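>>> requesting a structural model of the entry that follows:
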Amino acid sequence: MARLLLIAGDFVEDYEIMVPFQALQAMGHTVDAVCPDKREGDSVRTAIHDFEGDQTYTEKPGHNFILNASFAEVALEDYDALVVPGGRAPEYLRLDERVLEMVRHFFEHDKPVAAICHGAQLLAAAISLEGFRVSAYPACAPEVTLAGGNFAELQVDQAITSGKLVTAPAWPAHPAWLARFNELL
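Predicted structure coming up:
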C-alpha cells in the first residue's frame, strides 16, 4: 500500500479532509496529515461548505482535525502520492514557498496527486498546469486556465484523471475522486 502526504491548513473543508483521510486509511494506505508550522497532535480548524441554493456555497464552523505528522519532519522521498483538500486553506497555503516546493516534488517525480475543490489554487500556484485537464470548484476555473490548464467542467459528483493527477469539483465527488486516485496508487 502507499504512503500519502496530505497538506492541510486552518479552514480546510471539513469533508475534504476528514473523508479522504479516513477512507484512504480504510483502503490500507498510510496518510500523514501535516500543516505548515504545526506538529503532530496539533489541530487545524475546518469549515463546512454546503450548497443550499445560494449563488455560492455557505460556510459554517466545522470540527477540529488533529494532525498526525509534523510538517517540519516531512521527507518527501518517503511519500508515494499527495492529497490536497479544498476549502479556504489552499488560498493562503499557496503563499508558503515550502508548501509549493512540496507540491512541485510530486509532479517532478511523476507521483500521483489528488486535489479537490479549491485545492486547484495550490496546484496553479506551484506548477504550470499545461497539458492537464483539471476540475475544481468553478470559481477556480480562471486560475486553472491562467496556469495553462484545461478546466474540466464536471458535475459536482464526478472526477477526472489527467496523467497522474485526479481532480474533482467538490466533496460530493468523493466516491469517484477517491476511486480514481486509488486506481493510480
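
>>> and the nearest residue to D78 once chain neighbours are set aside, what are its bridge partners?
Here the nearest residue to D78 in space, its sequence neighbours aside, is R3; by C-beta to C-beta, 6 or more residues apart in numbering that works out to 6.3 Å. For every residue, glycine as well, the C-beta is placed using N, CA and C. When assigned by DSSP bridges, R3 has beta-bridge partners T30.

>>> what about R3, how many neighbours?
As a burial measure, the neighbour count of R3 was computed by other C-beta atoms under 10 Å and equals 13.

>>> gap between it and V84?
R3 sits 16 Å away from V84 when distances are taken as C-beta to C-beta, to the nearest Å.

>>> which element is H174 on?
Assessed by DSSP states H and E, H174 sits inside helix 174-184.

>>> contacts for that helix next, please.
When contacts are taken as C-beta atoms under 8 Å, 6 or more residues apart in numbering, the neighbours of helix 174-184 outside the stretch itself are 15, 19-20, 23-24, 27, 81, 83, 112, 114, 116, 157-161, 164, 166-168.

>>> if we use 10 Å, what do you get?
Judged by C-beta atoms under 10 Å, 6 or more residues apart in numbering, the contacts made with helix 174-184 from elsewhere in the structure are 2, 4, 15-16, 19-20, 23-24, 26-29, 80-81, 83, 111-117, 135, 154-155, 157-161, 163-171, 173.

>>> filter these down to the ones in helices?
Using DSSP state H, 15-16, 19-20, 23-24, 26 are the members of the contacts of helix 174-184 that sit in helices.

>>> greatest separation within those: which pair is it?
E16 and A26 (16.5 Å; C-beta to C-beta).

>>> between those two, which is the more surrounded one?
E16 (30 against 9).

>>> mind checking how far the residue most central in space within the chain is from C35?
Within the chain, one residue has its C-alpha closest to the average C-alpha position: by C-alpha atoms, centre = their mean, that is V84, at 1.6 Å. Distance from V84 to C35, counting by C-beta to C-beta: 12 Å.
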